[in-house]
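Peer 1: what's the 3D shape of this:
(chains A and B)
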Number of protein chains: 2
Amino acid sequence: MSGPMDYASSGVDIDLEGAAVASLIGSLQRSTRKAGTPGAPVDLPGGFGGLIEFGDHLLAMATDGVGSKLQIATAVKNWESVGIDCMAMNVNDLLCVGAEPIAFVDYIAVPKPDPEVHAAVGASLAKACELANVTLAGGETASLPGIVTELDLSGTALGFLNKDSAITGERLKSGDVLIGLPSSGIHSNGFSLVRNIVSHMGLSYTDSCPFDAGFIGRELSQNPTIADVLLIPTKIYCAPVIGLLKHLKASENSVHAIHGIAHITGGGLSNLLRLHDTLGWHIDSPLPIPPEFSWLQNKGNVTDLEMHRTFNMGLGMVLAVEKDQADSVLSFVQQYEPTAAIIGHVNGNGHKVTHSNPEIFFEHY
Amino acid sequence: MSGPMDYASSGVDIDLEGAAVASLIGSLQRSTRKAGTPGAPVDLPGGFGGLIEFGDHLLAMATDGVGSKLQIATAVKNWESVGIDCMAMNVNDLLCVGAEPIAFVDYIAVPKPDPEVHAAVGASLAKACELANVTLAGGETASLPGIVTELDLSGTALGFLNKDSAITGERLKSGDVLIGLPSSGIHSNGFSLVRNIVSHMGLSYTDSCPFDAGFIGRELSQNPTIADVLLIPTKIYCAPVIGLLKHLKASENSVHAIHGIAHITGGGLSNLLRLHDTLGWHIDSPLPIPPEFSWLQNKGNVTDLEMHRTFNMGLGMVLAVEKDQADSVLSFVQQYEPTAAIIGHVNGNGHKVTHSNPEIFFEHY
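Peer 2: Numbering: from 1, shown residues only, chains lettered A, B, ... in the order given. Model (predicted):
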């Protein structure tokens, strides 16, 4: 393979996507629903989740799909993780504003109905509902032979929170401690690059995994295939995060200990920049990196910077916590995620992400 | 063209879809969310919309896509109606349980981002939010070149209602009067058959419309194309239905005058059978049929029965109303839909739909 690989050369044009999204947003005017009535829009910094008023509560909606990870699942006819991926991408976004996910609907588009696919996706969604503690409130299966060539799966999650307990980022300040929750693997982002690297190597997804995929907290079959490792389902963080928020609410003096939450998705560590307009983020003690990332980086000759703006690199979610509460918050989340750890802190050195590896540096999301 | 055309021969296998949906539902277990807590599932007869508990309210979610109507929009590069179609398919379902739609999220999948498409879809969604009086609470645009070959658009609507005002069908009884609200045209169902017929005739969507497409309440350009007529946006019934429910609530003795509401989608008149397990439905005075249906039927040699189980045939929504309230309900909705009319009644002659045209008869949804 000649030259380093990156996300854009794998067929994803981030600038074009940006222009498309900008033109979409430009077309949308303000809501007709008036402030103080159910459904009126609420703007929070950070942009995660769409919040609306509902009496003393806010409701939040998040919508997202699994993306091109689905193509690997379909290639090996193993859809047991895709429902969990779909759930995770949505509920993890809701958690970032402090919303408790309560319900989910799925949208499945296929070229033609296939009971085998639907049974597998259904089982996966059922497992996902259990993991996220949400009700599956509906779903749609569309047969669209002229539009889709293989399975597309997306969904929408609904969550709620008390009006006064939204996590908006406005309490963030220099000195806040960053606690990292480990990812389970690649999750559901960066798969255009993953597929490009695997394809350039001439490997098949059903080949035995050519590296030791063992990692702390991970259970794999004896001789996993490449697909087995790439399809590890995205982690759902509802239990630790909702557990934590309820625990903190119960102890009055720490109810506002969590100043910001970031779901590390496409964009990698640069996601942190979305939480605040001026503060900086320094990662001095990153979580261990699962072996598939090192293998992909090596085989694709990908730079450290590109890896960290495409993948989660072992870090699935970041909590920014009031300094004097950091130890107790860490102890709490370690009940669910034993390898959660303090990874860095918030600083006042400008709106950028810095890292113990000086090559990793972001000023833009 | 040889022999009559029908929906199944147009590439939609309803039995296969049924098996696929059954296998999906079979995989889903009951929710982990307990009765009496936010998000606990609520089962209503009829199956429209997914209802969950939320304090003194119920929340309802509906998810659906535009389907193969999108292929016509994409073929003629005119996406100004598709956002309205997407909204309508979802909010009209919510109305059937008496829920007031308050928010919406869209999911767009494209092979690659195209600012022109996104600007047009965005403008259409903005218009749709205004028509339905909902807040656009988010959206996702996915670039999936390996999965979709052209635009797919779906969405999820959120609505709410008071716990005691759900329209469940349990008040339905013999003698209830059926009020029909006119459709705007084909809406968003049956397009596999539409496309098949147009294709068999060797016509192009940009050809001048070969029949007089004029119809009461319809505004078209001077020389409409076939696409202009086929792409007339699906009617959004929020204003008359929510207006009616609020009006009835304000006059105490008629708060439960509406016993059932059916959104006439794929399945046509057979949708009525979903509202009750044993009662029958007789249509003795159908609404006028827009001219495109007659043209399609004639050119495709489609039976009356097949037309009425594939298309809305001019009838977009049906309200089943307490007999002595029917006149006042009709007067109210005629403020919004002047051609709304009494079309028939509920009877005790078995679980079937009958019609002044004896060929039109349904015993199964």
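Peer 1: Helix or strand: which one has the closest residue to chain B within the stretch 151-300 of chain A?
Peer 2: Residue of the stretch 151-300 of chain A nearest chain B, by C-beta to the nearest C-beta: A:Thr156 (3.9 Å). C-beta here means a position set from N, CA and C on the backbone, and glycine is covered the same way. Assigned by DSSP states H and E, A:Thr156 belongs to strand A:152-162.
Peer 1: one step back: if I look at the residue of the stretch 151-300 of chain A closest to chain B, how far off is A:Asp324?
Peer 2: Distance, A:Thr156 to A:Asp324, using C-beta to C-beta, to the nearest Å: 38 Å.
Peer 1: Could you do A:Val121 as well?
Peer 2: 46 Å.
Peer 1: residues in contact with the nearest residue to A:Ile167 once chain neighbours are set aside?
Peer 2: With sequence-adjacent residues excluded and distances taken as C-beta to C-beta, 6 or more residues apart in numbering or on different chains, A:Ile167 is closest to A:Gly98, at 3.9 Å. If you count contacts by C-beta atoms under 8 Å, 6 or more residues apart in numbering or on different chains, A:Gly98 has them with A:Leu161, A:Ser165, A:Ala166, A:Ile167, A:Leu245, A:Ile258, A:Ile261.
Peer 1: In strands only, show me these.
Peer 2: Taking DSSP state E, the ones among the contacts of A:Gly98 that sit in strands are A:Leu161, A:Ile258, A:Ile261.
Peer 1: In ChimeraX, how would I select just the buried ones from the residues you listed?
Peer 2: In ChimeraX, a selection of the buried entries from the ones in strands among the contacts of A:Gly98 looks like this (16 or more other C-beta atoms under 10 Å in any protein chain shown):
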select /A:161,258,261
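Peer 1: hmm, back to that, what's opposite the nearest residue to the residue of the stretch 151-300 of chain A closest to chain B once chain neighbours are set aside in the beta bridge?
Peer 2: The shortest distance from A:Thr156 to any non-neighbouring residue, by C-beta to C-beta, 6+ apart, is to B:Thr156 (3.9 Å). When bridges are called by DSSP bridges, B:Thr156 pairs up with B:Thr63, B:Val105.
Peer 1: ok, A:Thr168 touching A:Leu51?
Peer 2: No. Between A:Thr168 and A:Leu51 there is no contact under C-beta atoms under 8 Å: 9.8 Å.
Peer 1: Need the overlap of contacts for these two.
Peer 2: Joint contacts of A:Thr168 and A:Leu51 (C-beta under 8 Å, 6+ apart) are A:Leu44, A:Val97.
Peer 1: For A:Leu319, what are phi and psi?
Peer 2: A:Leu319 adopts backbone torsions of phi -110, psi 130, taken as degrees, to the nearest 10.
Peer 1: Enumerate every residue touching the residue of the stretch 151-300 of chain A closest to chain B.
Peer 2: So A:Thr156 contacts A:Met61, A:Ala62, A:Thr63, A:Asn90, A:Phe104, A:Val105, A:Tyr107, B:Met61, B:Thr63, B:Val105, B:Tyr107, B:Thr156 (C-beta under 8 Å, 6+ apart).
Peer 1: And A:His256, what's its pLDDT?
Peer 2: Note on A:His256: pLDDT of 89.
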